[in-house]
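Asks: give the three-dimensional model of this entry:
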Amino acid sequence: MVDMISDEIRAFIIDTFLFGEETPLDATASFIESGVIDSTGVLELVLFLERRYGIEVSDAEIVPENLDSLARIVAFVSAKRARAAA
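Replies: Numbering: from 1, shown residues only. I've put the predicted structure just below:
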């Protein structure tokens, strides 16, 4: 399941922010520091996560610790889904 989430989020980031350019994405690299996603892009990412995974992301959760790398996003989404299923 985690691999599927990772693949879907990776595809969304490549399609949306890298305009389909197949660039290797280091799972732990900061999207903000590398210029992949800006503040507006974070909001677009949150909207995608909410729609695709049926989760709610509160304003307090929109922080780099949750959304600034592929690995952090996957962990965040996985945790939110696990809590919702419990």
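
Asks: excluding its backbone neighbours, what's nearest residue 55?
Replies: Counting by CB to CB, 6 or more residues apart in numbering, residue 80 is the residue found nearest to residue 55 once chain neighbours are left out, at 4.4 Å. Heads up, the C-betas are built off the backbone N, CA and C, glycines and all.

Asks: the one you found and residue 25: what is the separation?
Replies: Distance of residue 80 to residue 25, computed by CB to CB, to the nearest Å: 21 Å.

Asks: swap in residue 33?
Replies: Taking CB to CB, one finds residue 33 at 13 Å from residue 25.

Asks: those two: who's more crowded?
Replies: A count of neighbours by other CB atoms under 10 Å puts residue 25 above the other of residue 33 and residue 25, at 18 against 10.

Asks: centre-most residue in the protein?
Replies: residue 73 (4.1 Å; CA atoms, centre = their mean).

Asks: and the helix or strand hosting that residue, what does it pack onto?
Replies: Taking DSSP states H and E as the criterion, residue 73 maps to helix 70-85. If you count contacts as 3 or more CB pairs under 8 Å, 6 or more residues apart in numbering; DSSP states H and E, helix 70-85 packs onto helix 2-17, helix 39-53, helix 64-67.

Asks: can you pull the buried residues of the shortest one?
Replies: Okay, so that is helix 64-67. Buried residues in helix 64-67, counted by 16 or more other CB atoms under 10 Å: 66, 67.

Asks: what does the longest one give?
Replies: Buried residues in helix 2-17, defined by neighbour count with 16+ other CB under 10 Å: 5, 6, 8, 9, 12, 13, 14, 17.
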